[in-house]
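[1] please find the sequence and the predicted model below.
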4 protein chains.
Amino acid sequence: MPGYAHRRDDHLKRLRRIEGQIRGLQRMVEGDEYCIDVLTQIAAATKALQAVSLGLLDEHLKHCVSEAVAEGGEVAEAKIAEASAAIGRLVRS
Amino acid sequence: MPGYAHRRDDHLKRLRRIEGQIRGLQRMVEGDEYCIDVLTQIAAATKALQAVSLGLLDEHLKHCVSEAVAEGGEVAEAKIAEASAAIGRLVRS
Amino acid sequence: MPGYAHRRDDHLKRLRRIEGQIRGLQRMVEGDEYCIDVLTQIAAATKALQAVSLGLLDEHLKHCVSEAVAEGGEVAEAKIAEASAAIGRLVRS
Amino acid sequence: MPGYAHRRDDHLKRLRRIEGQIRGLQRMVEGDEYCIDVLTQIAAATKALQAVSLGLLDEHLKHCVSEAVAEGGEVAEAKIAEASAAIGRLVRS
């Protein structure tokens, strides 16, 4: 089970809402809506995706990383290095 | 017609691909896939959304802003202020 | 003269304040201050740098890009392509 | 001792280099250098600041958070909540 398992429904609900936002963006583009309005909605969808990432990462630290740290040694080191790399991708995306 | 009109199909294709990525994310979460793998895919979807934004913004500068600048005066000023505000939202999202 | 020339003093004042923030960060690290407090101050300095970028970009659109657009043709195209590339670097940094 | 203590010199060296970048930016603005060139250097300084953040955060997870997790209970929970909040500020800056 991944670290986010007990909050799976919450993450799914957010992702379905984001899917709706992306479909809304398609309708805006099909309807020739004004560029700046489309950009504003893309910024909103991006922020919503970021919120999912931050939620998943928090669960990951609370569960997967914490368990690895309790185990200690190389398992802990590898898990933290993996989390740091994921944070780096998130910061740069 | 918005500035992106002649590239509308390209933007729509990208947005449909992003919709597919978001649905893929839902399947990953439903399938209890590993947190870090979900995060990697969210970073990819975020970058794809950013690429749409940058494409729309480029078209906006080329068409809407250029036309306003040709008109000059307050129309030009207002259009540039609006574009700068949109760039600010993009940078902060 | 660059587009930001008439607001040069404002940009310089902001950059000197950011230099002070960076020196403050060095003192924090030398003084073994808590990681999270250092991170909070780095986030503040990053936001201050972003504000300078957005200010410069706004001036660039208002002056350099507007002049190139008034000239039209390839000059205008090249200037807008260059601005879009700079916005892309800003969004990804 | 903060989590980054044993890599303090490395962080300080990076921060001094960033201070040099900020001073270089001031000289560019004083010398009326081209807007886009200034923006490119700001993006470089921003990325350098981000690299310091990611390094500090990695050390923080390896040391401070790991020790709190080993202790367990509320200490661990509070430390992870604090780290998640810092990651959020980093992602949004």
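    Received, thanks. A quick note: this is a predicted structure, and the numbers were derived from the prediction, not measured.
[2] going forward, measure contacts between C-alpha atoms and count neighbours the same way
    OK.
[3] A:E74: neighbour count?
    11 (other CA atoms under 10 Å in any protein chain shown).
[4] what's the distance between it and A:A81?
    Computed as CA to CA, to the nearest Å, the A:E74 to A:A81 distance reads 10 Å.
[5] before we move on, what about A:L57?
    Distance from A:L57 to A:A81, by CA to CA: 14 Å.
[6] out of those two, which sits in the more crowded spot?
    A direct count of neighbours by other CA under 10 Å for A:L57 and A:A81 places A:L57 higher, at 27 against 15.
[7] in what element of secondary structure is the more buried one found?
    Taking DSSP states H and E as the criterion, A:L57 maps to helix A:35-60.
[8] packing partners for that helix?
    helix A:8-30, helix B:35-60, helix B:73-92, helix D:73-92 (3 or more CA pairs under 8 Å, 6 or more residues apart in numbering or on different chains; DSSP states H and E).
[9] pick the most deeply packed of these.
    Stretch with highest mean neighbour count among the helices and strands packed on helix A:35-60: helix B:35-60 (a mean of 21; mean count of other CA atoms under 10 Å in any protein chain shown).
[10] which bits of chain A sit near chain D?
    By CA under 8 Å from any CA of the partner chain, the residues of chain A that approach chain D are A:54, A:57-58, A:61-62, A:66, A:69-70, A:77, A:80-81, A:84, A:87-88, A:90-92.
[11] again, 10 Å this time
    Neighbours of chain D within chain A, by CA under 10 Å from any CA of the partner chain: A:47, A:50-51, A:53-55, A:57-59, A:61-62, A:65-72, A:76-77, A:79-85, A:87-93.
[12] pLDDT below threshold where in chain A?
    Across chain A, nothing is flagged by pLDDT under 70.
[13] assign A:P2 to helix, strand or coil.
    Reducing the assignment at A:P2 to three states with DSSP: H, G, I helix; E, B strand; the rest coil gives coil.
[14] against B:A45, how distant is it?
    21 Å.
[15] reformat the helices and strands packed on helix A:35-60 as TSV; add distance to C:E33.
    What follows is those, written out as TSV (distance: least, CA to CA, whole Å):
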stretch	distance to C:E33
helix A:8-30	36
helix B:35-60	30
helix B:73-92	28
helix D:73-92	15
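[16] for D:D9, which of those is the nearest?
    helix D:73-92 (22.3 Å; CA to CA).
[17] how about the contacts made by the most centrally placed residue in chain A?
    Closest to where the C-alpha atoms of chain A average out (CA atoms, centre = their mean) is A:S53, at 2.0 Å. Going by CA atoms under 10 Å, 6 or more residues apart in numbering or on different chains, A:S53 touches A:11, A:47, A:59, A:86-87, A:90, B:35-36, B:38-43, D:88, D:91.
[18] any idea how far it is from D:A86?
    Taken as CA to CA, the span from A:S53 to D:A86 is 14 Å.
[19] wait, does stretch A:26-34 contact chain B?
    Yes - using CA under 10 Å from any CA, stretch A:26-34 reaches chain B at A:26-34.
[20] outside of that stretch, which residues touch it?
    A:20-25, A:35, A:37-38, A:41, B:1-5, B:8-9, B:11-16, B:19, B:60, B:64.
[21] let's see it at 7 Å
    A:38, B:1-2, B:5, B:8, B:12, B:15 (CA atoms under 7 Å, 6 or more residues apart in numbering or on different chains).
[22] got it, and stretch A:67-81?
    Under CA under 7 Å, 6+ apart, the answer for stretch A:67-81 is A:65, D:61-62, D:66, D:69-70.
[23] redo the residues you listed as TSV? Include secondary structure.
    Formatted as TSV, the contacts of stretch A:67-81 follow (three-state DSSP):
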residue	secondary structure
A:V65	helix
D:L61	helix
D:K62	helix
D:S66	helix
D:V69	helix
D:A70	helix
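[24] just put those residues in JSON lines and tack on neighbour count.
    Shown next, in JSON lines, are those (neighbours: other CA atoms under 10 Å in any protein chain shown):
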{"residue": "A:V65", "neighbour count": "27"}
{"residue": "D:L61", "neighbour count": "26"}
{"residue": "D:K62", "neighbour count": "20"}
{"residue": "D:S66", "neighbour count": "26"}
{"residue": "D:V69", "neighbour count": "26"}
{"residue": "D:A70", "neighbour count": "16"}
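[25] relative to chain C, which of those is nearest.
    D:L61 (10.0 Å; CA to the nearest CA).
[26] who's in contact with the closest one?
    By CA under 7 Å, 6+ apart, the neighbours of D:L61 are A:I80.
[27] the closest residue to chain D within chain A: what's it in contact with?
    Proximity to chain D, evaluated over chain A using CA to the nearest CA, is greatest for A:V91 at 4.6 Å. Taking CA under 7 Å, 6+ apart, we find A:V91 in contact with D:90-91.
[28] if we go to 10 Å?
    So A:V91 contacts A:50, A:85, B:43, C:92-93, D:50-51, D:53-54, D:87-93 (CA under 10 Å, 6+ apart).
[29] pull the most distant pair out of these.
    The widest separation within the contacts of A:V91 (CA to CA) is 19.6 Å, between A:Q50 and D:A51.
[30] overlap in contacts of A:L57 and A:A81?
    What both A:L57 and A:A81 touch, as defined by CA under 10 Å, 6+ apart, is the set A:I87.
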